[in-house]
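Novice: Here is my input; please provide its structure:
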Amino acid sequence: MNDTNVTYGGNTFTAAAFGVELPDEDDTDIPMLQVVMQDVDLAIRSEIRKLDSRFPATATLQFGLLSQAPTITTIEQTFSGTIRNIKLSMFSLSASIELYADISREPVTPFKMSPAYGFNALRAR
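Specialist: Model (predicted):
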């Protein structure tokens with residue numbers, strides 16, 4: 001277990017027992033990241049209970065190399081998404097994070113902009 005607090009960007013992050021399962025490389029499903037935290041304190045539990053399912057919470061996880069501890073200077077990987085399926089037990093919290101699509105990696109179909117496509121209405125008269 002990691003028990004080293006780390007500093008990044010002027011903020012100190014407290015070491016905590018947690019596990020992360022990265023999403024599969026399967027393109028047919030929405031990519032989901034699984035997070036499990038152990039020994040969740042009452043302050044975190046209280047905030048989780050305040051979440052409103054009509055307005056889903058978001059999370060950003062940034063991973064750095066522990067070999068740089070106690071001061072992390074480089075973030076190796078970042079994941080951002082919407083928190084789903086939160087489960088609290090007596091000693092742990094688990095959640096799925098539905099990752100946002102990286103639109104910069106999505107294929108784009110090129111097409112020629114032309115009045116033939118019905119854009120005549122955009123011309124000034």
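
Novice: C-alpha from now on. contacts and neighbour counts both.
Specialist: Will do.

Novice: what's in contact with the helix or strand bottoming out on mean pLDDT in the chain?
Specialist: The weakest-scoring helix or strand in the chain, judged by mean pLDDT, DSSP states H and E, is helix 42-50 (a mean of 84). The contact list for helix 42-50 (C-alpha atoms under 8 Å, 6 or more residues apart in numbering) reads Leu88.

Novice: Centre of the chain to the next helix or strand after it, how far?
Specialist: Using DSSP states H and E, the helix or strand that directly follows helix 42-50 along the chain is strand 58-64. Here strand 58-64 shows a centroid-to-chain-centroid distance of 6 Å under the convention C-alpha atoms, centre = their mean, to the nearest Å.

Novice: other SSEs contacting strand 58-64?
Specialist: Applying 3 or more C-alpha pairs under 8 Å, 6 or more residues apart in numbering; DSSP states H and E, we find strand 58-64 packed against strand 75-88.

Novice: ok, then the element right after the strand it packs on?
Specialist: Assigned by DSSP H and E, the successor of strand 75-88 is strand 92-99.

Novice: Run me through the strand neighbours of that next one, direction for each.
Specialist: When pairs are called by DSSP bridges, strand 92-99 turns out to pair with strand 32-38 (antiparallel), strand 75-88 (antiparallel).

Novice: Is it possible to get those out as JSON lines so that each row also shows mean neighbour count and mean pLDDT?
Specialist: Supplementary listing: the strands paired with strand 92-99 in JSON lines, determined by neighbours: other C-alpha atoms under 10 Å; pLDDT from 0 to 100:
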{"stretch": "strand 32-38", "mean neighbour count": "18", "mean pLDDT": "90"}
{"stretch": "strand 75-88", "mean neighbour count": "14", "mean pLDDT": "89"}
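
Novice: which strand residues sit across from the residue nearest to Tyr100 when sequence neighbours are not counted in the sheet?
Specialist: The shortest distance from Tyr100 to any non-neighbouring residue, by C-alpha to C-alpha, 6 or more residues apart in numbering, is to Gly81 (5.1 Å). Beta bridges link Gly81 to Ala59, Leu99, judged by DSSP bridges.
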